[in-house]
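In: Structure of the sequence below:
(chains A and B)
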Number of protein chains: 2
Amino acid sequence: MAVGDEIVACCGGVDYLCRLEKISDTAVLAAVLSEEPSKEPSVYLTLYQAVPKLDKLELIVQKSVELGASKIVPVLTKRCISRPEKAQFEKKRERLQRISLEAAKQSGRGIIPEVSGIISFDECLRAMKTHGFGLMCYEKGGRRLSETVAPDTRDVGLLIGPEGGFEPEEAERAENAGIARIWLGDRILRCETAPIAAISVIMNLTNNI
Amino acid sequence: MAVGDEIVACCGGVDYLCRLEKISDTAVLAAVLSEEPSKEPSVYLTLYQAVPKLDKLELIVQKSVELGASKIVPVLTKRCISRPEKAQFEKKRERLQRISLEAAKQSGRGIIPEVSGIISFDECLRAMKTHGFGLMCYEKGGRRLSETVAPDTRDVGLLIGPEGGFEPEEAERAENAGIARIWLGDRILRCETAPIAAISVIMNLTNNI
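Out: Below is the predicted model of the structure:
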């Protein structure tokens, strides 16, 4: 880029349209031409995703960020086939964070959604209590998303199982922790399709799609 | 499999639960134990997808079939980067049809959605007139899916552009042909994310998710 080119700088929920004024080896000076609130979704959606195979997790991170998720938290559940150690996952997490950055840039997000380290199912149940409410996709059925998500929903945690689904005991514990079971239709979705479909529908129900 | 095993045979919109009775080199005889209507979505959704790179088209076919699309029609538009000849595409079509079959089996569909040969944009505009109504995702905005799709929608054609979007002239011609422009949110979706998100939302609006 050169002096005179325009860039958009995203910072603290504001998009600043700027013109480059001075470029040196150590710094770039830009003049703010205009500013507007960044077009972030009205709902802060945290995806708690049971760890699938890595290529599927990459797809999930990319698509979730494009569709407006604000944070992605990998969770280790009983039936996870891929079971990386926490330390071992750290390298993969860097790669996933880069995918989030690329997807955020490409889709015009105002934030770079964080991909956190892996947490346990217990930690997940505790973390989901911090949201307005929690939902889990469960293949044995539940309520429809339309019955649980209102247009003014501002903060939601969404829990999705691994390739083999949740253990019945896990589903029960989640329900006891106040997490509502939702139904995603009669077609059985792969573990990477379920979050993409659920986030799309939640964004529609909150008027962001 | 062996005699005594149970299978589900899908035929003409009915799922037959059967028990294998006799297996020879040339035929399998099964007794019908019970039957029920297959759990196909209430809406017949045809996806008209401008041809993207092949790996993206594979993802689109797999996810569209899982989510309940009934037919996928690749369309050649002005900005398609990948421009296979019709004959050349035929081999790829076989591979895409196998992906549809696998996705249909995995998700429990009652039909194997067809992946058709490539058609031109002119042919697409004509074909879309055969549906209850037609929608196109357009990055410059339009109506929300919630404003266009009713719970009792039975037949819809959905047109999605290639990586570089539609030419303004194409968008205008589509609009003149009665195809409604829809808006998929302020985040710019990749050409493979748009159909997955739109189909998810349409399935929700018609009570199939």
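
In: Now do the strands in chain A.
Out: Ranges of strands in chain A, per DSSP state E, are A:6-11, A:14-23, A:28-37, A:44-50, A:71-76, A:114-115, A:119-120, A:133-137, A:155-160, A:180-182.

In: of those, which approaches chain B most closely?
Out: strand A:180-182 (9.5 Å; Cβ to the nearest Cβ). C-betas here are computed from N, CA, C, even on glycine.

In: Now do that closest one: which elements does it pack against?
Out: Taking 3 or more Cβ pairs under 8 Å, 6 or more residues apart in numbering or on different chains; DSSP states H and E as contact, the helices and strands that strand A:180-182 lies on are strand A:133-137, helix A:145-148, helix A:168-176.

In: switch the cut-off to 6 Å
Out: Packing contacts for strand A:180-182, counted by 3 or more Cβ pairs under 6 Å, 6 or more residues apart in numbering or on different chains; DSSP states H and E, involve strand A:133-137.

In: residue closest to the middle of chain A?
Out: Nearest residue to the geometric centre of chain A (Cα atoms, centre = their mean): A:Ala69, 3.6 Å.

In: worst-scoring helix or strand of chain A, pLDDT-wise?
Out: strand A:6-11 (a mean of 90; mean pLDDT, DSSP states H and E).

In: Show me which positions of it end up buried.
Out: Along strand A:6-11, these residues count as buried under the neighbour rule (16 or more other Cβ atoms under 10 Å in any protein chain shown): A:Cys10.

In: what angle sits between it and strand A:14-23?
Out: Between strand A:6-11 and strand A:14-23, the angle comes out at 130 degrees (axes from the mean of the first three to the mean of the last three Cα atoms, to 10 degrees).

In: Just give the strands next to strand A:6-11 in its sheet, each with its orientation.
Out: Strand A:6-11 pairs in its sheet with strand A:14-23 (antiparallel), by DSSP bridges.

In: Centre of the chain to the least confident helix or strand of chain A, how far?
Out: 23 Å (Cα atoms, centre = their mean, to the nearest Å).

In: Okay, buried residues for stretch A:155-172 please.
Out: In stretch A:155-172, counting by 16+ other Cβ under 10 Å, buried: A:Val156, A:Gly157, A:Leu158, A:Leu159, A:Ile160, A:Gly161, A:Pro162, A:Glu163, A:Gly165, A:Phe166, A:Glu170, A:Ala171.

In: Can you name the residues in contact with that stretch?
Out: Identification of contacts with stretch A:155-172 by Cβ atoms under 6 Å, 6 or more residues apart in numbering or on different chains yields A:44-50, A:52, A:77-81, A:128, A:131-132, A:134-139, A:191, A:194-195, A:198.

In: ok, now stretch A:95-109?
Out: For stretch A:95-109, using Cβ under 6 Å, 6+ apart, the contacting residues are A:Glu58, A:Val61, A:Gln62, A:Val65, A:Glu66, A:Ile112, A:Pro113, A:Val115, B:Arg187, B:Ile188.

In: Let's see that with 8 Å instead.
Out: A:10, A:38-40, A:57-58, A:61-63, A:65-66, A:68, A:72, A:111-115, B:186-190 (Cβ atoms under 8 Å, 6 or more residues apart in numbering or on different chains).

In: Mind checking which of the residues you listed are buried?
Out: Neighbour counting by 16+ other Cβ under 10 Å classes A:10, A:38, A:40, A:57-58, A:61-63, A:65-66, A:68, A:72, A:111, A:113, A:115, B:186-187, B:189-190 among these as buried.

In: so what are the domain limits for chain A?
Out: A:6-37, A:44-205 (automatic domain parsing).

In: Could you dump the ones you listed into a markdown table and include distance to B:Val3?
Out: Output for the domains of chain A, formatted as a markdown table (distance: least, Cβ to Cβ, whole Å):
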| stretch | distance to B:Val3 |
| --- | --- |
| domain A:6-37 | 64 |
| domain A:44-205 | 27 |
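
In: what's the most buried one of these?
Out: Ranked by average neighbour count under the criterion mean count of other Cβ atoms under 10 Å in any protein chain shown, the domains of chain A are headed by domain A:44-205 at a mean of 19.

In: Dump the C-alpha coordinates for stretch A:95-102 into CSV.
Out: Extracted in CSV, the C-alpha atoms of stretch A:95-102 (Å, rounded to 0.1, in the frame of the first residue of the first chain):
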residue,chain,number,x,y,z
ARG,A,95,-3.5,-22.3,13.4
LEU,A,96,-7.2,-22.0,14.3
GLN,A,97,-6.8,-18.5,15.6
ARG,A,98,-5.2,-17.6,12.2
ILE,A,99,-8.2,-19.1,10.4
SER,A,100,-10.5,-16.9,12.6
LEU,A,101,-8.4,-13.8,11.7
GLU,A,102,-8.7,-14.6,8.0
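
In: For the helix ranked longest in chain A, what does the pLDDT average out to?
Out: In chain A, assigned by DSSP state H, the helix with the most residues is helix A:86-107. On average, the pLDDT along helix A:86-107 is 94.

In: Stretch A:53-61 too?
Out: On average, stretch A:53-61 scores 95.

In: Residues contacting it, please?
Out: Outside stretch A:53-61, the residues touching it (Cβ under 8 Å, 6+ apart) are A:47, A:49, A:51-52, A:72, A:74, A:81-82, A:92, A:95-96, A:99-100, A:103, A:115, A:163, A:190-192, A:195-196, B:59.

In: Quick check: residues of chain A near chain B?
Out: Counting by Cβ under 8 Å from any Cβ of the partner chain, the residues of chain A lying close to chain B are A:39, A:41, A:59, A:63, A:66-68, A:106-109, A:144-146, A:183-190, A:193, A:196-198, A:200-201, A:203-205, A:207-209.
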